[in-house]
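1. Predicted structure and sequence below. I'll ask about it afterward.
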Amino acid sequence: MLLAHHPEALAALRAPTVDDPWRVLVSGCLAAWPCGVDGSDYGLGSVLRELLALPTVRALPFCPEQHALGTPRTMPDIHGGDGVDVVLGKARVLDEHGADLTEKMLEGARAMLAFAQRERAELAILTDASAACGSQVISDGCRLVEVRQHQKGVGVATAVLLDAGLPVVSQRDFLTLGALRSRLEPSYAPDPDARDHHRHPWTLEHLPGPHPRA
Ligand code: SF4
């Protein structure tokens, strides 16, 4: 499992060049695809714009939920575990109406992995909190309730990608993203006070236990 918790693994990535840029799998919504459940990009399309525009990066957008379920769609969330548990058959993905989306989520995750392997992706930057793309914090059961519950863990697509050896970073892992950008753009000075999502004050306060996949 290669998450932002493992900076040594990310530091071991090869040196990127303009002629041979890093091939980075990216959640579609982080590449401004209107692939969210509501047909928007969740306002995320500009979050990585500068990084993804660097000549040393080749962005490879994909949306596993859109691939398997279409857009718009109902809201998938994991019940009884995280994405690894779903892959192992120990947890299910349900929407807000109770419909079981487990098989579709697995289908989308496998399609994302096939795309990543076809394109020889060497790193993934995915949207946290998603039941598919999450890597640090995801919902614990349906999020469309009065008091949303969270858990540390990974989404279904992230679980499949990690199992295949692809490192996964979230758009909220600011320390790691800064370190990666300084590899991509040597003149870039990362913020020394930046934190990854697992070290954010909110996460430390609300989810103090260990990440199950770190
Ligand atoms: S499944 Fe992933 S790429 Fe698609 S909308 Fe959700 S977070 Fe974005």
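-> Nice, thanks for sending it over.

2. Now do the longest helix along the chain, average pLDDT.
-> Across the chain, the longest stretch assigned as helix under DSSP state H is helix 102-118. Rounded to a whole number, the mean pLDDT of helix 102-118 is 98.

3. What helices and strands are in contact with it?
-> The helices and strands touching helix 102-118, judged by 3 or more Cβ pairs under 8 Å, 6 or more residues apart in numbering; DSSP states H and E, are strand 22-27, strand 57-62, helix 64-69, helix 83-87, strand 92-94, helix 156-163. Using the backbone N, CA and C atoms, a C-beta is placed for each residue, glycine as well.

4. Check whether that helix comes near the ligand.
-> No - no part of helix 102-118 sits close enough to the ligand to count as contact by Cβ under 6 Å from any ligand atom; the gap is at least 7.3 Å.

5. Tell me the helices and strands packed up against the helix or strand that that helix is followed by.
-> Stepping forward along the backbone from helix 102-118, the first helix or strand reached (DSSP states H and E) is strand 123-126. Under the contact criterion of 3+ Cβ pairs under 8 Å, 6+ apart, the helices and strands touching strand 123-126 comprise strand 22-27, helix 156-163, strand 168-170.

6. now the chain, which segments are flagged as low pLDDT?
-> Using pLDDT under 70 as the threshold, the predicted model of the chain has no low-confidence range.

7. interface residues of the chain facing the ligand?
-> Residues of the chain lying close to the ligand (Cβ under 6 Å from any ligand atom) are 27-29, 35-36, 63-66, 127, 130, 132-133.

8. Closest one of the residues you listed to residue 73?
-> residue 65 (6.6 Å; Cβ to Cβ).

9. Show me what the residue positioned nearest the centre of the chain bridges to in the sheet.
-> Centre of the chain computed as the mean C-alpha position; nearest residue by Cα atoms, centre = their mean is residue 126, 2.6 Å away. On the basis of DSSP bridges, residue 126 takes part in beta bridges with residue 170.
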